[in-house]
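Enquirer: the following comprises the amino acid sequence and a computationally predicted model.
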Amino acid sequence: MKNKLLNRLKRVIFASLSLLICSSLFSFKGIIAKKNNLNDTITNSFKLRTVIIDAGHGVKPENAPPGHYSRGANGSFSNERNVTLAIALKLQQAIEKDVNGVKAVLTRTTEEDVSFERRAEIANQNKGNLFISIHCNSLPDRVVRERVGTKRGKAVYRSARVADRSGKGALMLVYGLHRSREEQNAIKNNQIGEDAGLDGEGLDPNDPLVIILTDAYMRKFRKQSVKMANLISDEIVHTDGRRSEGLREQGIYVLCHSAMPSVLVETGYINNPDDEEYLNSDAGQTEIVNSIVRAILKYRSQIEQSTAN
């Protein structure tokens, strides 16, 4: 059965719709007002209890279940999958030590990879309030034309691939809006299903209440994802003195399939010699972790304060 809040909201909506039918009038103004009231109800219910920490990539295990896997990028002496796991483990310890009352759940704890699908599933099953995916960036090789000789008085060229090590600094990613349909489904099946006390598959996607709730949660999660991404970026730049490329949208599977505010943190360019040294050092990893923890504390304070007012 749906909880008391949803039943009350549904009675209000359908009572209003009945009045509209009886009077043969359809008022968009009334529907917008109800959506705004519902947005307020959803926004005023935030409490940070569980952070999901996603260590990107890994080594695909033998007999791995079906799904999408990725080994990640390589530097000159290290691998992305090892760096992300090291940072994720440190981040879990720091959150549970320094962020009171918050549990940190890892999507993987060993070098073995976990499919994109399973990562999102872990996040949703653990009822995460915030999803942070840790990665390392890398630029593809550049194709250049180089002169190799002369033939019949004309220069002869060939194409060659050279490493592009110009990338430097951090980058924050949030899910691209072109994948909104997947985000809607994740919210419906996990968040709305939980609120209603039903399996998400048992919900009617055409139910006006489901549509309004899904829209309200999407707006809330989008706003909070951007807020968290900007807070991490600011800490990296203003506290650590590192470069950040800011915030971008990208069609990342785990971000749009996790029914919660979600950010992917590209901690640095592993194919840049300076960044690679930094990412593999204990001091560099600790600095990254501390920046994320400070951002989480600010995020919780700002969100919980705004919902309390």
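Expert: Right, received. Where do you want to start? Numbering: from 1, shown residues only.

Enquirer: could you use CA atoms for every contact and neighbour count after this?
Expert: Will do.

Enquirer: and the residue sitting nearest the centre point of the chain, what does it touch?
Expert: Centroid-nearest residue in the chain, with CA atoms, centre = their mean: Ser262, separated by 2.6 Å. Shown in contact with Ser262 (CA atoms under 8 Å, 6 or more residues apart in numbering): Leu130, Phe131, Ile132, Ser133, Val174, Tyr175, Phe221, Ser225, Leu255, Cys256.

Enquirer: please, which helix or strand holds the fourth one?
Expert: Following DSSP states H and E, one finds Ser133 within strand 130-137.

Enquirer: ok so, going back, and the closest residue to the residue nearest to the centre of the chain other than its chain neighbours, how many residues sit next to it?
Expert: Nearest residue to Ser262, sequence neighbours excluded (CA to CA, 6 or more residues apart in numbering): Phe131, at 4.5 Å. Other residues near Phe131 come to 26 when the count uses other CA atoms under 10 Å.

Enquirer: you'd agree Phe131 is up against Pro261?
Expert: Yes: look at Phe131 against Pro261 with CA atoms under 8 Å: they come within range, at 6.2 Å.

Enquirer: just so I have it, where are all the helices in the stretch 1-150 of the chain?
Expert: All helices of the stretch 1-150 of the chain, identified by DSSP state H, counting those that start in this stretch, fall at 4-23, 28-43, 80-98, 116-125.

Enquirer: any weak-confidence spans in the stretch 101-250 of the chain?
Expert: 177-179, 192-207 (pLDDT under 70).

Enquirer: 80 - rerun?
Expert: 144, 146, 148, 156, 176-185, 187-215 (pLDDT under 80).

Enquirer: from Arg222, how far off is the residue nearest to the centre of the chain?
Expert: 8 Å (CA to CA, to the nearest Å).

Enquirer: again, but for Glu146
Expert: Taking CA to CA as the measure, Glu146 falls 46 Å from Arg222.

Enquirer: who has more neighbours, the two?
Expert: Shown here are Glu146 and Arg222; by other CA under 10 Å, Arg222 has more neighbours (16 against 11).

Enquirer: make a ChimeraX selection of whichever of the contacts of Ser262 turn out to be buried.
Expert: Selecting the buried subset of those in ChimeraX, with 16 or more other CA atoms under 10 Å as the burial test, is done by:
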select :130,131,132,133,174,175,221,225,255,256
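
Enquirer: which of the contacts of Ser262 sit farthest apart?
Expert: Farthest apart among these by CA to CA are Ser133 and Phe221. That separation is 15.6 Å.

Enquirer: so who does the residue nearest to Lys168 when sequence neighbours are not counted touch?
Expert: The shortest distance from Lys168 to any non-neighbouring residue, by CA to CA, 6+ apart, is to Tyr269 (5.6 Å). Each residue near Tyr269 by CA under 8 Å, 6+ apart is listed here: Cys136, Asn137, Ser138, Leu139, Gly167, Lys168, Gly169, Ala170, Asp275, Glu276.
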